[in-house]
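Participant: need the 3D shape of this:
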Amino acid sequence: MDNILRINMSAKGGPEITIKPADTYAGLGGRAMTSTVIADEVPATCHPLSEDNKLVIAPGMLSGSPAAMSGRISVGCKSPLTGGIKEANSGGQPSQVLARLGYAAIVLEGKPADDSLYKIFINKDGVKISVDNSLRMLGNYDLIDKMKAEYGDNIACISIGPAGEMKMAAASIAFTDMELRPTRHAGRGGVGAVMGSKGVKVIVLDDTGMSMRQPQNPEKFKAANKVFVEGLRKHPVTGQGLPAYGTNILTNVLNEAGGYPTMNFRYGQFAGAAKISGETQAALENSRGGEGAATHGCHRGCVIRCSGTFYDKNGRFLTKQPEYETVWAHGGNCGIDDLDAIAQMDRMDDDFGLDTIEMGATIAVAMEGGIARFGDAAAAISLLQEVGKGTYLGRILGNGAGVTGKVFGVERVPVVKNQSMPAYDPRAVQGIGVTYATTPMGADHTAGYAVTANVLGVGGNVNALKPEGQVELSRNLQIATAAIDASGMCLFVAFAILDQPDTFQALVDIIGAFTGQETTADDIIALGKSILTRERDFNARAGFSSKDDRLPDYFKKEVLTPHQVTFGVSDNELDQVFNW
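Facilitator: Coordinates of the predicted model:
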């Protein structure tokens, strides 16, 4: 994984391909690679859809190797949604395949002079880019079927749906799973719109004839990987809860905790939560698809296997198991308690190429604005169809909750840096509120998942309803998360490494054995800090300041039931998060 592939879409005579050694970027992976390239090469004040922006796709530093859980990929750019730096993370097969092909990153630069649509094919023999306007406005599912017919089944694909082509700020980038379905997404921040602005519809990867990447110290690597996997399997979250019920196991947990945002963050509990919980969902999947349907990995090498397969009432594949955030966004946040309707919307989001969190939050804001009634699943599906068709209303909704709130005069718009909050109310889970406010990415639960100590008792206990200890918790988790995102590891390994010192040390040893360099916990912390520093510097140059590291005022004023609590972390405390 020594080369960087650059494709200049502005070149005279058509796109220009350059393959060069990583040089100053050597050794970087995932979020470390994407954020460093964007911070170094993209003018912070540029328009996100202009030729000056770049789209960086980078496998993790461990991707393509025998390391368990190492198949995550990062996508970076200046975000059309937030106006700041963006790293969106995804599972699926492309990270492993791209790494085995020898690429540390793909960098899409410039933009075409006309509206031609391109496909890119990469294998061991090189890179080919060609115009294919027959792909225009195809959904991701039909698109991947066409790629399979053209290139065979031994491929992995990175693609955009109609939302990306229409350059909507809620547009995602799809990554195919092990069954070659476009079910894994780099969802947040409008990265799909940037890929659309580059005129690229799909990148097809074929690693036939390529070998797995090997560690510099094989014996130490093998031993550490064994300890790491054992730690994941013995932890109650990664070894039992997630494999059995998927991420949606959190629905009942957060609802019981009073932190489940309901009907556009009006309430902290949803009366219909049990109908859409992970336990109910897993039972439904297993009954329709056969025992084991609720347990599945999104990429090879996954040992947690927290995904699953959702079948319709006739036993036909509909979508991957909707994740907790998706079930919440299209479910409780919109007052909907119908798993079949939620799964249908998940399928539509994946096909159109949309961030499920942003779209669920947007529909809830539209419901508050009187466009539909809370609880009306048919209306929610109809609104999503508007987005897919690109109608005037659809283009408003497809640009996110912030735009939708302004158009329909809604005050309660749950965004930070214009990005919608995920499935945890910051009043009842105050550590996640600190993360929402301060992460360079806009409201993002994965940036510093304080639910661990606030709700789950993982990595300690910090009272979720009190401001004390939340800044330190979020700070430490944001640092650790940035490093995990760079490694290519799934974020869910954090449950085990927070509770099990041996498992954390095993991860450190895996990285050291793979690179052949002595690596310590302090090195991992330093990596996380360096990534966050670069991201915050970019945002500062883009015009962000401390005033952007804030939650909307109503979270400080409106009392959340059932705990009758407001967000209590002061502005002064929020400004201390990055004072290390």
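
Participant: quick one: list the elements packing against the lowest-mean-pLDDT helix or strand in the chain.
Facilitator: Sorting the helices and strands of the chain by mean pLDDT, DSSP states H and E puts helix 242-245 at the bottom, at a mean of 86. With contacts taken as 3 or more Cβ pairs under 8 Å, 6 or more residues apart in numbering; DSSP states H and E, helix 242-245 sits against helix 278-289. All C-beta atoms are positioned from the backbone trio N, CA, C, and that covers glycine.

Participant: rerun at 10 Å
Facilitator: helix 218-234, helix 250-257, helix 278-289 (3 or more Cβ pairs under 10 Å, 6 or more residues apart in numbering; DSSP states H and E).

Participant: out of those helices, deepest packed?
Facilitator: When the helices and strands packed on helix 242-245 are scored by mean count of other Cβ atoms under 10 Å, the highest mean neighbour count falls to helix 250-257 (a mean of 22).

Participant: next, the angle helix 278-289 makes with it.
Facilitator: Angle, helix 250-257 to helix 278-289, by axes from the mean of the first three to the mean of the last three Cα atoms, to 10 degrees: 160 degrees.

Participant: quick check: mean pLDDT across helix 250-257?
Facilitator: Helix 250-257 carries an average pLDDT of 97.

Participant: what does stretch 516-526 give?
Facilitator: 95.

Participant: next one: stretch 407-420
Facilitator: 98.

Participant: in that stretch, what counts as buried?
Facilitator: By neighbour count on 16 or more other Cβ atoms under 10 Å, the buried set for stretch 407-420 is 407-408, 410, 412-420.

Participant: using CSV, list the CA coordinates for it.
Facilitator: The C-alpha coordinates for stretch 407-420 follow below in CSV (Å, rounded to 0.1, in the frame of the first residue of the first chain):
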residue,chain,number,x,y,z
VAL,A,407,-37.5,26.7,4.4
PHE,A,408,-40.4,25.6,6.6
GLY,A,409,-39.7,28.0,9.6
VAL,A,410,-38.9,25.4,12.2
GLU,A,411,-37.0,26.5,15.3
ARG,A,412,-36.2,23.0,16.7
VAL,A,413,-33.5,21.9,14.2
PRO,A,414,-31.1,19.5,15.9
VAL,A,415,-27.8,20.3,14.1
VAL,A,416,-24.3,21.3,14.9
LYS,A,417,-22.2,22.8,12.1
ASN,A,418,-25.4,22.2,10.1
GLN,A,419,-25.1,18.4,10.5
SER,A,420,-27.9,16.5,12.1
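
Participant: next one: the least confident helix or strand of the chain to chain centre, how far?
Facilitator: 20 Å (Cα atoms, centre = their mean, to the nearest Å).

Participant: ok, back up a step: go through the helices and strands packed on helix 242-245 and name the closest to Ala486.
Facilitator: Closest to Ala486 of the helices and strands packed on helix 242-245, according to Cβ to Cβ: helix 218-234, at 16.9 Å.

Participant: helices and strands around the closest one, which ones?
Facilitator: If you count contacts as 3+ Cβ pairs under 10 Å, 6+ apart, helix 218-234 packs onto helix 242-245, helix 493-499, helix 501-515.

Participant: how distant is it from the center of its chain?
Facilitator: With Cα atoms, centre = their mean, you get 26 Å for helix 218-234.

Participant: that helix to helix 501-515, inter-axis angle?
Facilitator: 150 degrees.

Participant: what angle separates the longest helix along the chain from helix 501-515?
Facilitator: Across the chain, the longest stretch assigned as helix under DSSP state H is helix 521-541. Angle of helix 521-541 versus helix 501-515, following the same axes, to 10 degrees, is 80 degrees.

Participant: in the sheet, who's paired with His296?
Facilitator: Note on His296: beta-bridge partners by DSSP bridges are Cys306, Ser307.

Participant: next, count neighbours for it.
Facilitator: Other residues within reach of His296, judged by other Cβ atoms under 10 Å, total 21.

Participant: can you check Lys128 too?
Facilitator: Count around Lys128 with other Cβ under 10 Å applied: 12.

Participant: that one sits in which helix or strand?
Facilitator: Take DSSP states H and E as the rule and Lys128 turns out to sit in strand 126-131.

Participant: how about residues contacting that strand?
Facilitator: Residues outside strand 126-131 that contact it (Cβ atoms under 10 Å, 6 or more residues apart in numbering) are 5, 7, 9, 14-19, 101, 103, 106, 112, 114, 116-122, 199-200, 203-204.

Participant: how about that strand, which residues are buried there?
Facilitator: 127, 129.

Participant: who touches Met367 in this structure?
Facilitator: 263-264, 333-336, 373-376, 379-380, 383, 408, 410.

Participant: do the same with Asn8
Facilitator: By Cβ under 10 Å, 6+ apart, the contact list for Asn8 reads 14-18, 51, 107-111, 198.

Participant: look up the closest residue to it, ignoring the ones flanking it.
Facilitator: Spatial nearest neighbour of Asn8, chain neighbours left out: Glu16 (4.4 Å); criterion: Cβ to Cβ, 6 or more residues apart in numbering.

Participant: for that neighbour, grab the count of nearby residues.
Facilitator: As a burial measure, Glu16 scores 15 neighbours (other Cβ under 10 Å).

Participant: now do it, the pLDDT please.
Facilitator: 97.

Participant: which SS state does the residue most central in space within the chain fall under?
Facilitator: With distances taken as Cα atoms, centre = their mean, the chain has Asn89 as the residue nearest its mean C-alpha position (4.1 Å). State at Asn89, reduced to three classes by DSSP: H, G, I helix; E, B strand; the rest coil: strand.

Participant: low-scoring stretches of this protein, by residue?
Facilitator: For the chain, the stretches flagged by pLDDT under 70 are 1.

Participant: repeat that for 80
Facilitator: Applying pLDDT under 80 to the chain flags residues 1, 292-294, 296-301, 305.

Participant: domains in it, by residue range?
Facilitator: 3-205, 217-245+426-580, 261-411 (automatic domain parsing).

Participant: now do Thr231 against Gln576, distance only.
Facilitator: If you look again at residue 231, you'll see it is Gly, not Thr. In this view, Gly231 and Gln576 are 33 Å apart by Cβ to Cβ, to the nearest Å.

Participant: closest one to Gly60 out of the buried residues of stretch 407-420, please.
Facilitator: Distances from Gly60 to these, taken by Cβ to Cβ, are shortest for Gln419, at 23.0 Å.

Participant: show me what the closest one is bridged to.
Facilitator: With DSSP bridges as the rule, Gln419 is bridged to Val416.

Participant: contacts only, for it.
Facilitator: Contacts of Gln419 by Cβ under 10 Å, 6+ apart are 79, 81-82, 84, 86, 169-170, 188-190, 355, 357-358, 361, 400-402, 436, 439, 441-444.

Participant: picking that back up, any chance of JSON lines for the helices and strands packed on helix 242-245, columns distance to Gly209?
Facilitator: Output for the helices and strands packed on helix 242-245, formatted as JSON lines (distance: least, Cβ to Cβ, whole Å):
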{"stretch": "helix 218-234", "distance to Gly209": "22"}
{"stretch": "helix 250-257", "distance to Gly209": "42"}
{"stretch": "helix 278-289", "distance to Gly209": "34"}
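
Participant: out of these, nearest to Thr309?
Facilitator: The nearest among those, by Cβ to Cβ, is helix 278-289 at 5.5 Å.

Participant: just how off-centre is that closest one within its chain?
Facilitator: Between the centre of helix 278-289 and the centre of its chain there are 24 Å (Cα atoms, centre = their mean).

Participant: repeat for stretch 513-521
Facilitator: Mean-position distance between stretch 513-521 and its chain equals 27 Å (Cα atoms, centre = their mean).
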